[in-house]
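K.L.:
Sequence first, then the predicted structure, then my questions.
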Amino acid sequence: MSSKGSTSGKAASPAVNLIAGGGAGMMEALVCHPLDTIKVRMQLSRRATAPGVKPRGFIKTGVDIVKKETALGLYKGLGAVLGGIIPKMAIRFTSYDAYKQMLADKTTGQISPQATFLAGLAAGVTEAVAVVNPMEVIKIRLQAQHHSLSDPVDTPKYRSAPHALYTVVKEEGFIALYRGVSLTALRQGTNQAANFTAYSQLKAALQRLQPEYNNSQLPAYQTTVIGLISGAVGPFSNAPIDTIKTRLQKTRAEPGQSAIARITSIASDMFKQEGARAFYKGITPRVMRVAPGQAVTFTVYEYLRGKLEASNWSFVGGTFEE
């Protein structure tokens, strides 16, 4: 079975992926970032989940952020996300297309569901190493700060994404930007494997049921629905990985402690002090953020890609030509 659209046999050019992927990523970040901030705060919370202790939900967490830090507090770390979103999305879709072509049947050119899964997995790992991990270290440092953006006297340690980047590298070294990279790669890989596989199969099914869309874009509302469904798959499968990663990236490394030792220590402490439910802290806002985020991403990407390819845009000699 072959995949179509953003998962079609025909790969989009890097220029198209840069514009369509970057535009889709920016829209997704602007719409969904507050839910990501709430998720991070919930994951960093040390409140126990033992009997008799009521865990703080995502609505209460969001309300507390707005009360103490104003509504702008929900957008902490957005600069770091926007700074990396264009290369992230360009790398995601370009590498996915490239891996998919490598894994396509050499005789028929068709792409199996297994090939789609592996291409998504590899694309997720690629984007994690190239862009996502450094971006997330900075984003989490900013989101973890509890200062009020409306109070000029309340000065945080990290004033902005560039300042946070400078401070982290100066105080902890460049390697600090890759703290938790193995977990990030695992999370991104499983996310994109699930996203692209579910999306491509759902899209192919809809195109079979609607032959008039076999060689063209599905209606935007259908792209949104299947993007929403595919986006919900990943978070449920890798929530513990994401929670451990968040706590790992929030703190400085202990001298002489290996990454594996830190991961093991964090996981062990979480289980002992907060119980198994701690590994799923922030799952509600994460699903609420990732699922609509993927819906926005796929819908905007498909739309922009279709418009750009219809206009025959290309990237020649360092300039865009139509």
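P.N.:
Sure thing, it's come through. Numbers count the residues shown, from 1 in each chain.
K.L.:
ok, now how distant is G77 from A15?
P.N.:
Here the criterion is CB to CB, to the nearest Å. By it, G77 lies 29 Å from A15. For glycine as for every other residue, the C-beta is placed from the backbone atoms N, C-alpha and C.
K.L.:
Looking only at neighbour counts, state which of these two leads.
P.N.:
G77 (25 against 18; other CB atoms under 10 Å).
K.L.:
gap between that one and P34?
P.N.:
From G77 across to P34, the span is 11 Å (CB to CB).
K.L.:
try G231
P.N.:
Counting by CB to CB, the gap from G231 to P34 is 17 Å.
K.L.:
who's more crowded, these two?
P.N.:
Using other CB under 10 Å as the criterion, G231 and P34 rank with G231 on top: 26 against 20.
K.L.:
Spatially nearest residue to the more buried one (excluding sequence neighbours)?
P.N.:
Closest residue to G231 in three dimensions, ignoring its sequence neighbours and counting by CB to CB, 6 or more residues apart in numbering: Q294, at 2.7 Å.
K.L.:
tally of neighbours for the one you found?
P.N.:
That count, for Q294 with other CB under 10 Å as the rule, works out to 29.
K.L.:
Please name every helix or strand in contact with whatever helix or strand it lives in.
P.N.:
When secondary structure is defined using DSSP states H and E, the element that contains Q294 is helix 283-310. Taking 3 or more CB pairs under 8 Å, 6 or more residues apart in numbering; DSSP states H and E as contact, the helices and strands that helix 283-310 lies on are helix 14-44, helix 58-69, helix 78-103, helix 181-209, helix 220-250.
K.L.:
For my notes, please list those in CSV and give distance to V137 and mean pLDDT for each entry.
P.N.:
Supplementary listing: those in CSV, determined by distance: least, CB to CB, whole Å; pLDDT from 0 to 100:
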stretch, distance to V137, mean pLDDT
helix 14-44, 12, 87
helix 58-69, 21, 90
helix 78-103, 9, 89
helix 181-209, 9, 92
helix 220-250, 5, 88
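K.L.:
So for A261, which of those sits nearest?
P.N.:
Comparison of the helices and strands packed on helix 283-310 against A261 by CB to CB identifies helix 220-250 as nearest, at 11.2 Å.
K.L.:
residues of that closest one that come out buried?
P.N.:
Buried residues in helix 220-250, counted by 16 or more other CB atoms under 10 Å: 222-235, 238-250.
K.L.:
residues making contact with stretch 183-191?
P.N.:
The set of residues that contact stretch 183-191 without belonging to it, under CB atoms under 8 Å, 6 or more residues apart in numbering, is 120-122, 124-125, 127-129, 132-133, 136, 234-235, 237-238, 241-242, 244-245, 248, 263, 290.
K.L.:
rerun that using 6 Å as the cut-off
P.N.:
121, 124-125, 127-128, 132-133, 234, 237-238, 241-242, 245 (CB atoms under 6 Å, 6 or more residues apart in numbering).
K.L.:
could I get stretch 184-200 in CSV with only the CA atoms?
P.N.:
These are the backbone C-alpha positions of stretch 184-200, laid out as CSV (Å, rounded to 0.1, in the frame of the first residue of the first chain):
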residue,chain,number,x,y,z
THR,A,184,14.3,13.3,23.1
ALA,A,185,15.3,11.2,20.1
LEU,A,186,13.3,8.3,21.5
ARG,A,187,10.2,10.5,22.1
GLN,A,188,10.4,12.3,18.7
GLY,A,189,11.1,9.1,16.9
THR,A,190,8.1,7.3,18.3
ASN,A,191,5.9,10.4,17.9
GLN,A,192,6.7,10.8,14.2
ALA,A,193,6.5,7.1,13.5
ALA,A,194,3.0,7.0,15.0
ASN,A,195,2.0,10.3,13.5
PHE,A,196,3.1,9.6,9.9
THR,A,197,1.9,6.0,9.9
ALA,A,198,-1.6,6.8,11.3
TYR,A,199,-1.9,9.9,9.1
SER,A,200,-0.9,8.2,5.9
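K.L.:
Show me how far that stretch is from its chain's centre.
P.N.:
The chain centre lies 10 Å from the centre of stretch 184-200; the measure is CA atoms, centre = their mean, to the nearest Å.
K.L.:
now stretch 177-188
P.N.:
In terms of CA atoms, centre = their mean, the centre of stretch 177-188 is set 12 Å apart from its chain centre.
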